[in-house]
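1. here you go, sequence then predicted model.
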Amino acid sequence: MDIHEQRVRFVVEATQKSRSFSAVCAEFDISRPTGYLWLKRYRNLGVQGITEQSRKPHYSPRQTASHLEQRVVQVRLRYPDWGARKLRVVLAREGVELPRNTIHRILLRHDLVREEERHPPATQRFERSRPNELWQMDFKGPKGWPQPMGPLSVLDDHSRYLIVLAANGSTQGEPVRERLEEAFLRCGVPEEMLMDHGTPWWGMQSSSGQTRLSLWLMRQGIRLNWSGIRHPQTQGKVERFHGSLQRALTRRGFSRQQPQAWLDGYRWEHNHVRPHEALNMQTPASVWQPSRRRYDPRPSRWEYPTGAWVLKVDPQGRIEVKGRNWKISKALSGERVQVVKVEDRMMVFYCATLMRELDLGTQRSTIIERWVPRRLNSRDVKDV
């Protein structure tokens, strides 16, 4: 389990007092002082308090002198479209010798770097160890494509095997679900999927982000991962594939009357003919194999632990706790959720996922965006 999930489960176990505190700490492989620290943070700030904290020092004795920082800021304001490398040359002409990284950090401290420039490029590649451990899913942009939206692509992270390449023409949820159902029947079900914050797997109009499609995937036992906002490097393999697809569209041409037929041929070529450098010039089809996890069109209702406090979400997306209606998510209307009491707070789970934290003392309902990979900070939660 990830760090956040581990700490949530520890807090629940420790506050139930069904076992000794030492036994709970031993189960989670932490020391007693660490356990007490997590409990203290939770009691002060709730789930937000037990997220991973920044290790940045409060005081940096070797930080650049303030007058040098001000000079960097002045030059940047004069040349607002120049980066740290160019500013370093200009400053050096004045006798101010500063490393490029130092100049960039100064610009960050003074909020002089645009948001899209704040993410460093990926310096390390990652790859899952076996097929179907993770599928990446995204829509290609409409450039050069005869429909309002480019093809839907689903790519296996380990083998680069192209699971789906579909000319949906739009981002509507039902056609995407149909394509995924066909893929699950043909290829099996993956352990995890990685997507961006786009329609239809993320609801920008929903305060909690859940959609019917994402909840349907969760009920299949698939763990959902979300790329960082404005950080396409997280989905590097499917983005790279879209670049290759765009070059093929530009240089080869294709039938605008039968776009799906062209995509079917390209998908077969990508999987069975095209050698891939990352696979030592093997083809994706020679590395990939179907998943052993079978698709269940009617999955059994999620079984919560015996004796658990289970409530049904009403049509408005609310549950009643302690005489008050609390909004959980309209996407969960009609679903069953588990409520776990932790001292003066309530944790609300859907299947195995923590969705909300209810604070009875402050009367706050907090969304837990636990499946979004990003730097952990105060934006991890939203008060509603």
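-> Cool, the structure landed. Residues are numbered from 1 along each chain as shown.

2. would you mind finding the longest helix in this protein?
-> Assignment by DSSP state H gives helix 236-252 as the longest helix of the chain.

3. would you mark the buried spots in that one?
-> Buried residues in helix 236-252, counted by 16 or more other C-beta atoms under 10 Å: 237-239, 241-242, 245-246, 249. For glycine as for every other residue, the C-beta is placed from the backbone atoms N, C-alpha and C.

4. what's it packed up against?
-> strand 134-139, strand 152-156, helix 259-272 (3 or more C-beta pairs under 8 Å, 6 or more residues apart in numbering; DSSP states H and E).

5. quick one: the strands in the chain, in order.
-> 134-139, 152-156, 162-166, 192-195, 223-226, 309-312, 318-321, 324-327, 336-342, 345-350, 353-359, 364-368, 381-383 (DSSP state E).

6. I'd like those laid out as a markdown table, including distance to residue 81.
-> Output for these, formatted as a markdown table (distance: least, C-beta to C-beta, whole Å):
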| stretch | distance to residue 81 |
| --- | --- |
| strand 134-139 | 30 |
| strand 152-156 | 34 |
| strand 162-166 | 39 |
| strand 192-195 | 33 |
| strand 223-226 | 32 |
| strand 309-312 | 55 |
| strand 318-321 | 49 |
| strand 324-327 | 44 |
| strand 336-342 | 50 |
| strand 345-350 | 46 |
| strand 353-359 | 43 |
| strand 364-368 | 37 |
| strand 381-383 | 34 |
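
7. in CSV: these, plus distance to residue 262 and mean pLDDT.
-> Shown next, in CSV, are the strands of the chain (distance: least, C-beta to C-beta, whole Å; pLDDT from 0 to 100):
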stretch, distance to residue 262, mean pLDDT
strand 134-139, 17, 94
strand 152-156, 14, 96
strand 162-166, 10, 96
strand 192-195, 25, 89
strand 223-226, 30, 80
strand 309-312, 47, 94
strand 318-321, 48, 91
strand 324-327, 46, 90
strand 336-342, 45, 91
strand 345-350, 40, 89
strand 353-359, 39, 84
strand 364-368, 42, 78
strand 381-383, 43, 41
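
8. need those strands in CSV with mean neighbour count, can you?
-> Shown next, in CSV, are the strands of the chain (neighbours: other C-beta atoms under 10 Å):
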stretch, mean neighbour count
strand 134-139, 24
strand 152-156, 24
strand 162-166, 23
strand 192-195, 21
strand 223-226, 18
strand 309-312, 14
strand 318-321, 17
strand 324-327, 15
strand 336-342, 19
strand 345-350, 21
strand 353-359, 20
strand 364-368, 20
strand 381-383, 14
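
9. to residue 36, which of the ones you listed lies closest?
-> Closest approach to residue 36 among the strands of the chain (C-beta to C-beta): strand 336-342, 15.6 Å.

10. apart from its chain neighbours, what residue comes closest to residue 211?
-> Leaving aside its chain neighbours, residue 211 sits nearest to residue 203 (4.5 Å; criterion: C-beta to C-beta, 6 or more residues apart in numbering).

11. just the pLDDT for that neighbour.
-> On pLDDT, residue 203 comes in at 77.

12. quick revisit: from the buried residues of helix 236-252, which two are the most distant?
-> Most distant of those, by C-beta to C-beta, are 237 and 249, 18.9 Å apart.

13. which one of the buried residues of helix 236-252 is nearest to residue 367?
-> residue 238 (27.3 Å).

14. verify the stated contact: that closest one with residue 137.
-> Yes: counting by C-beta atoms under 8 Å, residue 137 is a contact partner of residue 238 at 7.1 Å.

15. quick check: neighbours shared by those two?
-> Residues touching both residue 238 and residue 137 (C-beta atoms under 8 Å, 6 or more residues apart in numbering): 153, 155.

16. ok, the residue nearest to residue 327 when sequence neighbours are not counted - contacts?
-> Using C-beta to C-beta, 6+ apart and skipping the chain neighbours, the partner closest in space to residue 327 is residue 318 (5.2 Å). By C-beta under 8 Å, 6+ apart, the contact list for residue 318 reads 325-328.

17. for residue 318, give its distance to residue 348.
-> Distance of residue 318 to residue 348, given as C-beta to C-beta, to the nearest Å: 11 Å.

18. between those two, which contacts overlap?
-> 326, 328.

19. hey, where'd the helices end up in the stretch 1-150 of the chain?
-> Counting by DSSP state H, counting those that start in this stretch, the stretch 1-150 of the chain has helices at residues 3-16, 21-27, 32-45, 66-78, 84-93, 100-109.

20. reformat the ones you listed as CSV; add distance to residue 129, mean pLDDT and mean neighbour count.
-> Listed next are those as CSV, based on distance: least, C-beta to C-beta, whole Å; pLDDT from 0 to 100; neighbours: other C-beta atoms under 10 Å:
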stretch, distance to residue 129, mean pLDDT, mean neighbour count
helix 3-16, 21, 84, 18
helix 21-27, 27, 92, 15
helix 32-45, 30, 91, 15
helix 66-78, 44, 89, 15
helix 84-93, 37, 88, 15
helix 100-109, 33, 90, 17
